[in-house]
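>>> Kindly return the folded structure for what I paste below:
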Amino acid sequence: MIGLRGEFDELYSSLFKNPEPYKGIVLALGRRRDGLTRDEIIAATGMGSGGDLSRFLEELEECGFIRKYHVLGAERNGSLYQLMDNFSLFHMQFVSKKRRHAGNYWTASVSEGAKHAWRGLAFKRLCLEHVRQIKDRLGISGVAVEVYAWRQKRGGSAQGSQGVQIDLLLDRKDGIVNLCEMKYTDGEYSLDKSELDRLINRREAFRAVCGARRSIHLTMITSNGLCHNKYSGNIQSELTLADLFGE
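The predicted structure follows:
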């Protein structure tokens, strides 16, 4: 772990002549996993809103560190920037927060919630990088599809003070929207009533804002399949990790 502590700084120094603004953007995005708007990046980093920021963002996107994606229903300047680089995320999650480590840190902490959260985060990033395969497996590769995210800030009428974030929406020209939920588990994912209620609430919050004319399909993307129980019948489409890498 000691050897990893300096790798973050060395990575950005090797790519950018002046790495500090790039690192500032990355660190700000790493603290908000669902992404930040341009205005939110300015507020979080204290940077100006001029051409330099545009260049920093474009170069980070070209290098694959971040992605820019459109939020359904938002104006152009409402697009979100999201950190996609797994090494930077790993560094923020496990290295920079742990200043001193016992020799058996990894074996002693294997059951910690942070590691489970990391696997879920990494799986979600993997899914977002394989949207083409998702469309293929859903049988909609021949349908015009717009790929979006959607979020409703805290205080929205549909969800009270909780807010809603949907990371992957496939808005199809055939009038169907696939609302994709991505879950990593060691075995089959078992949908329970509380999770189903949460999914339905998210669907209805989205429907209330974006219109009732679309048919919204709940779509589960899991690492090892969906356990078929009395709640799973509410899921219209399901995919697994294998589908992301199938021929």
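
>>> So which helix or strand of the chain has the lowest pLDDT on average?
Using mean pLDDT, DSSP states H and E, helix 105-108 stands out as the lowest-scoring helix or strand of the chain, at a mean of 59.

>>> elements contacting the next helix or strand after that one?
Using DSSP states H and E, the helix or strand that follows helix 105-108 towards the C-terminus is helix 113-128. Applying 3 or more CB pairs under 8 Å, 6 or more residues apart in numbering; DSSP states H and E, we find helix 113-128 packed against helix 86-90, strand 164-172, strand 176-183, helix 241-245. Just so you know, the C-beta spots here come from the backbone N, C-alpha and C atoms, and that holds for glycine as well.

>>> closest one to Tyr231 among the ones you listed?
Evaluated over those, closeness to Tyr231 peaks at strand 176-183, with 12.9 Å, by CB to CB.

>>> Which neighbouring elements make contact with the following helix or strand past the closest one?
Downstream of strand 176-183, the first helix or strand assigned by DSSP H and E is helix 193-210. In terms of contacts (3+ CB pairs under 8 Å, 6+ apart), helix 193-210 is packed against strand 145-152, strand 164-172, strand 176-183, strand 215-222.

>>> And for Ser194, the neighbour number?
Residues lying near Ser194 (other CB atoms under 10 Å) number 9.

>>> Can you convert the helices and strands packed on helix 193-210 into JSON lines and add a column each for mean neighbour count?
Putting the helices and strands packed on helix 193-210 into JSON lines (neighbours: other CB atoms under 10 Å) gives the following:
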{"stretch": "strand 145-152", "mean neighbour count": "19"}
{"stretch": "strand 164-172", "mean neighbour count": "20"}
{"stretch": "strand 176-183", "mean neighbour count": "21"}
{"stretch": "strand 215-222", "mean neighbour count": "20"}
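
>>> Which residue ranges make up each domain of this protein?
For the chain, automatic domain parsing gives the domain ranges 2-110, 126-245.

>>> Would you mind measuring from the residue nearest to Lys193 when sequence neighbours are not counted to Val177?
Setting aside the residues directly before and after it, Lys193 is nearest to Tyr231 in space (CB to CB, 6 or more residues apart in numbering), at 6.2 Å. Distance from Tyr231 to Val177, counting by CB to CB, to the nearest Å: 21 Å.

>>> And for Lys193?
Lys193 sits 24 Å away from Val177, going by CB to CB.
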